[in-house]
Structures are given as structure tokens and as C-alpha cells.
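# Got a predicted structure here, sequence first:
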Amino acid sequence: MSLEPHIKIGQGLEKKVRLASIIAEGLEIDDGASLWTIFQPFGDELAARYRDKAIGDIPGIQPARRLYHAIGIDPTKIRPSSEALLRRVIKGLSLHRINSLVDTINFCSLSHLLPIGLYDLDRLEGETIILRAGLPGECFEGIDKDTVHLEGRYGLFDSAGAFGSPTSDSLRASISGTTRRSLTVIFAPYEMDLKTLQGHALFTAQEIGRFGGGHPETRILEIVGR
């Protein structure tokens with residue numbers, strides 16, 4: 001894909017969703033050991049704080065749920081990836097340790113309680129990425145999951161087809177030890193204040209620079225869905 005992809009929101013999703021995107025270049029993926037000196041205590045703190053709360057009553061959980069309601073999805077049945085991570089933490093289950101970049105994005109997703117997609121930019125095709133509702137039969141192969149069906153759900157598409165969603169990422173665009181350039185997409189409801197979303201994007205870009213692997217250069221693309 002070109003150095004800086006053009007990202008747009010498809011017809012019917014206007015004023016339903018906003019996207020903040022970050023590109024990282026010069027990555028050197030490692031085991032993420034340095035991140036876990038802060039990630040593990042953070043996870044323990046969340047577990048202690050919310051162990052006795054209903055998930056829907058946790059502060060900050062509703063924006064991701066509103067994002068799903070906006071397209072007619074029940075977020076208690078098909079969960080935003082951020083909520084799935086939080087539920088795992090609250091249940092006392094250990095978070096999966098994958099690699100420095102994936103773990104960093106999981107840390108950011110738990111920090112914002114918004115779903116975040118992560119993709120190897122060099123595995124994407126074409127110059128345009130579009131977020132739209134999936135059509136009948138559209139799907140992608142998930143990471144360690146069965147086929148992810150997108151009919152009536154949010155899907156990210158490049159010229160080769162679907163590769164991501166706020167629920168799950170694809171095997172095709174997944175991060176590996178050879179990833180050198182990445183695209184990170186933060187999914188937010190349209191009602192989210194632009195300044196708040198920009199703050200989330202800045203935090204995420206900074207954490208990728210600190211913990212993502214090597215000494216990558218990061219830059220935030222224009223927020224889509226203003």
C-alpha cells in the first residue's frame with residue numbers, strides 16, 4: 001500500500017462513526033517485555049477496581065457500545081474488542097502476550113475502552129481503505145478464530161477485500177516479526193468529542209513509539225468522520 005493510505009467512511013455510516021488512524025514506520029517487533037512492567041499492574045488495577053461491578057456500569061464502557069448500536073448491533077452479543085479485553089481482565093484471566101506491537105495496542109484499547117484495529121500496512125492492497133457495512137457473504141479469516149462474518153456489521157476493506165473490524169482483526173493483515181510498517185485504527189462513536197479522540201490517538205502514537213518495537217516513527221492521520 002502507498003505510504004499514507006486514504007481512509008474514508010462509506011455511505012450510510014456518516015454521523016455514526018469516527019476513525020483516528022496512526023501509521024508507524026521502522027518497527028522492530030520484539031517480545032514486549034518492557035511494556036509488561038506497566039501493563040500487568042494496570043490490568044491488576046482494573047481487575048480490583050471493577051471486579052464487583054456489572055460490565056455495563058463501568059465508566060467509559062458506553063461509547064464503544066453506542067458505536068455498535070449505531071449500526072444495529074447488540075454489543076452484548078457481538079462485543080467490541082475493547083470490552084472483550086476488559087471482561088477477560090475482570091474475570092482474572094491472563095492477557096495473551098503476543099508481541100510488542102500487538103500488546104501495546106491492547107494496552108491502549110484498555111486505557112481508552114475503545115476498539116482498536118492493528119494491521120501490517122505492507123499486507124494491505126491499493127491506496128484506499130473504506131469502512132462500510134458488510135454485504136451478504138462478505139467475511140475474512142480471523143486471527144485464531146473462525147471466519148468473521150461482516151453482513152450488516154462494520155468492516156474495513158482495501159482493494160483485495162475485507163481485512164478488519166472493531167470486533168476482530170484478520171489473519172491476512174496480522175502483525176508478525178517481519179512487520180516494519182503498521183496501520184492502527186481507533187473506532188469511536190460519532191458523538192465522541194474530537195478533542196477527546198485526538199487525545200486517544202496521541203496517546204496511542206506515543207505508546208507505539210515507546211513500546212511497539214525498535215524506535216518507530218509515528219504520525220497521526222486526519223480524523224475521518226468530522
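It's in.
# Quick check: the residue nearest to the spatial centre of the chain vs G12, distance?
The central residue of the chain, meaning the one whose C-alpha is nearest the mean C-alpha position (C-alpha atoms, centre = their mean), is I116 at 1.2 Å. Look at I116 and G12: by C-beta to C-beta, to the nearest Å, they are 23 Å apart. (Glycine included, C-beta is placed from N, CA and C.)
# same question, E25
As defined by C-beta to C-beta, E25 lies at a distance of 33 Å from G12.
# which one of those two has more residues nearby?
Neighbours around E25 and G12, counted as other C-beta atoms under 10 Å, are more numerous at E25. The numbers are 13 against 9.
# Now do the same contact list for the residue nearest to the centre of the chain.
Taking C-beta atoms under 8 Å, 6 or more residues apart in numbering as the criterion, I116 is in contact with 81-82, 105, 108-109, 184-187, 204.
# now for the longest strand along the chain, which elements pack on it?
Secondary structure assigned by DSSP state E gives strand 17-27 as the longest strand of the chain. Contacts of strand 17-27 with other secondary structure elements, assessed using 3 or more C-beta pairs under 8 Å, 6 or more residues apart in numbering; DSSP states H and E, are made with strand 6-9, strand 181-189, helix 194-211, strand 214-220.
# now the ones you listed as TSV including distance to G155, mean neighbour count and mean pLDDT?
Rendered in TSV, the data for the helices and strands packed on strand 17-27 read as follows (distance: least, C-beta to C-beta, whole Å; neighbours: other C-beta atoms under 10 Å; pLDDT from 0 to 100):
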stretch	distance to G155	mean neighbour count	mean pLDDT
strand 6-9	12	16	96
strand 181-189	11	25	98
helix 194-211	21	17	98
strand 214-220	23	15	96
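# of these, which approaches G72 most closely?
Each of the helices and strands packed on strand 17-27 was checked against G72 via C-beta to C-beta, and the shortest separation belongs to strand 181-189, namely 13.7 Å.
# The closest one pairs with which strands, and in what direction?
strand 17-27 (antiparallel), strand 116-120 (antiparallel) (DSSP bridges).
# Could you tell me the angle between the first one and strand 214-220?
Okay, so that is strand 17-27. With axes from the mean of the first three to the mean of the last three C-alpha atoms, to 10 degrees applied, the angle from strand 17-27 to strand 214-220 works out at 150 degrees.
# ditto for the last one
Compare the direction of strand 116-120 with that of strand 214-220 by the same axes, to 10 degrees and you get 120 degrees.
# Strand 116-120 - what's its average pLDDT?
If you average the pLDDT over strand 116-120, you get 98.
# C-terminal to that strand, which secondary structure element comes first?
Counting by DSSP states H and E, the next helix or strand C-terminal to strand 116-120 is strand 128-133.
# Output the contacting helices and strands for that next one.
Judged by 3+ C-beta pairs under 8 Å, 6+ apart, the packing partners of strand 128-133 are strand 6-9, strand 154-158.
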